[in-house]
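In: dropping a prediction and its sequence here:
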Amino acid sequence: MRIINLNEETKKDILERLLRRSPSQYGEYQKTVDEVLADVREHGDEAVLRLTEKFDGAKLTSASLRVSKEEIAKAYEQVDESLIEVMKKSRDNVRAFHEKQVRQSFLTTREDGVMLGQRITAIEKVGVYVPGGRAPLSSSVLMNIVPAKVAGVDHVIMTTPPRKDGTITPEVLVAADLAGADEIYKCGGAQAIAALAYGTETIPKVYKIVGPGNIFVTLAKKTVFGLVGIDSVAGPSEILVLADETANPGFVAADLMSQAEHDPLSSAILVTTSRELAEKVSALTEQFASVQSRKEIIEKSFENYGFILVAETMQDAIDAVNEIASEHLEILTQNPFETMTRVRNAGAIFLGEYSSEPLGDYFAGPNHVLPTNGTAKFSSPLSVDEFIKKSSLISYSKEALEAVHEDIIEFAVAEQLTAHANSVAVRFGKTVTSVER
């Protein structure tokens, strides 16, 4: 990995490089996505089946689109019992963490006859997209479905690309069943997003779509936003390690690779105040990467978006961390909790040398669906809040409204909205028809 002295110029260059990975920068794919969305909207199942055969090589029928109970039972037989137990532990940790996020409705009353409150209700139908691609992401199944169920979503409808033989990876099916998916469909890509957004003869329309995917999936989600809700427009994975001279270079190098192996577009960055640590990590990443099964992906990621930044002071390093606003941030300093208090922008923060990033990916409980491409400056991890909606509650007695009705009329007239003013005035034998009163 290249070692660069951190300054304003190098920081600006790196930020510009990272932003180029944003899905918003890949407009050349939009036309294809628009065509797929229009096709599914017009032709329903027929388009989904045709596109599934074209892109995934699987020949299905409307009857075989939905995964059957028999297929789920068979999946359990194909997955090692030990892995099923690990998935159960992970699910329970995710559930326990997200249960702490559950909010309650409230209603306040005043002596003057005013009642104000907020009613929280779960979204009725949510679509969860699970990618196929390079690896079966069973962990993403748990991270997306469990919070939805904790929130109280009635129907969680999962879609995922089939293999060429028309089956789904058994580990993904088992995870979906353990998490509580209500329906599972063999459908991937932009056509799956279209099916969830518009509905087909077989796949139900949902109210919100969550889950990661490739550029076609991401652009499709972005396009249907407004018709349905979405979680985010997610970019490639990111890790940033903030370290001082006390950090273990072997741990740092291994952790940087843990995200680099996801995708050639993944970014892996070390920001440190120690030139010695930087040089050791640079050498170790080359050594470690050479023996990894995903060696080519890791090396490509390091080549394009891998940086070791050497800062003069820890404050300079923290300033860079806040500007980059990484999806995953590891703090490997002498006092990581003190350092953490100066960090404002990160999706998930891992504190100390035994809190490596994969702990969050698989097991700890906090969600691993995190803001990317600098959006941690204003966005948060996937949570129970993504699966609820809030309604305001307002109730005034006659006496309470009478006490303030002139104020409301004056405000409405000032905005030249006389019908608004009149709506209040008529309740007290008055009429407002013009801005002159």
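Out: Yep, that arrived.
In: C-alpha coordinates for the worst-scoring helix or strand of the chain on mean pLDDT, PDB please?
Out: Least confident helix or strand, the chain: helix 8-19 with a mean of 84, by mean pLDDT, DSSP states H and E. Provided in PDB are the C-alpha atoms of helix 8-19 (Å, rounded to 0.1, in the frame of the first residue of the first chain):
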ATOM      1  CA  GLU A   8      -4.800  19.400   2.800                       C
ATOM      2  CA  GLU A   9      -3.900  18.700  -0.800                       C
ATOM      3  CA  THR A  10      -3.500  14.900  -0.300                       C
ATOM      4  CA  LYS A  11      -6.700  14.800   1.800                       C
ATOM      5  CA  LYS A  12      -8.600  16.600  -0.900                       C
ATOM      6  CA  ASP A  13      -7.300  14.300  -3.600                       C
ATOM      7  CA  ILE A  14      -8.300  11.200  -1.600                       C
ATOM      8  CA  LEU A  15     -11.800  12.500  -0.900                       C
ATOM      9  CA  GLU A  16     -12.300  13.200  -4.600                       C
ATOM     10  CA  ARG A  17     -11.100   9.600  -5.500                       C
ATOM     11  CA  LEU A  18     -13.500   8.100  -3.000                       C
ATOM     12  CA  LEU A  19     -16.400  10.100  -4.200                       C
END
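In: for the stretch 201-350 of the chain, which segments count as strands?
Out: Taking DSSP state E, counting those that start in this stretch, the strands of the stretch 201-350 of the chain run over residues 208-210, 229-230, 238-243, 267-272, 306-310, 328-332, 348-351.
In: which residue is most remote from the mean position of this protein?
Out: Going by CA atoms, centre = their mean, the residue of the chain most distant from its centre is residue 429, 52.9 Å out.
In: next, that one: phi, psi?
Out: phi 70, psi 20 (degrees, to the nearest 10).
In: how near is it to residue 402?
Out: Separation of residue 429 from residue 402 (CB to CB, to the nearest Å) stands at 11 Å. In short, each C-beta sits where N, CA and C put it, glycine included.
In: which parts of stretch 244-263 are buried?
Out: Going by neighbour count (16 or more other CB atoms under 10 Å), the buried part of stretch 244-263 is 244, 247, 249, 251-263.
In: right, I mislabeled it, should have said stretch 388-408
Out: For stretch 388-408, a neighbour-count test (16+ other CB under 10 Å) marks 388, 396, 400, 405 as buried.
In: quick one: low-confidence ranges for the chain?
Out: Applying pLDDT under 70 to the chain picks out residues 24-25, 133-135, 435-437.
In: rewinding a little: quick one: contacts for the residue farthest from the centre of the chain?
Out: Counting by CB atoms under 8 Å, 6 or more residues apart in numbering, residue 429 touches no other residue.
In: so it versus residue 332, what's the distance?
Out: 72 Å.
In: select the longest helix from the protein.
Out: Scanning the chain for the longest helix, with DSSP state H as the assignment, gives helix 81-99.
In: beyond it, next helix or strand please.
Out: As assigned by DSSP states H and E, the chain's next helix or strand after helix 81-99 is strand 106-109.
In: now for the buried residues of stretch 244-263: which two are most distant?
Out: Greatest spatial distance in these: 244 and 263, 29.0 Å, computed using CB to CB.
In: touching, residue 157 and residue 205? I think so.
Out: No - Residue 157 is not in contact with residue 205 according to CB atoms under 8 Å; the separation is 9.3 Å.
In: that older thread, out of the buried residues of stretch 388-408, which comes closest to residue 193?
Out: Using CB to CB, those come closest to residue 193 at residue 388, 21.9 Å.
In: could you pull up the contacting residues of the closest one?
Out: 103, 120, 121, 122, 123, 151, 152.
In: taking those residues together, which two end up most distant?
Out: 103 and 123 (13.9 Å).
In: of these two, which one has the most company?
Out: Applying other CB atoms under 10 Å to residue 103 and residue 123 shows that residue 123 carries more neighbours, namely 21 against 12.
In: contact partners for the more buried one?
Out: Residue 123 makes contact with 151, 153, 207, 208, 229, 387, 388, 389 under the criterion CB under 8 Å, 6+ apart.
In: which among the residues you listed count as buried?
Out: Buried, going by 16+ other CB under 10 Å: 151, 153, 207, 208, 229, 387, 388, out of these.
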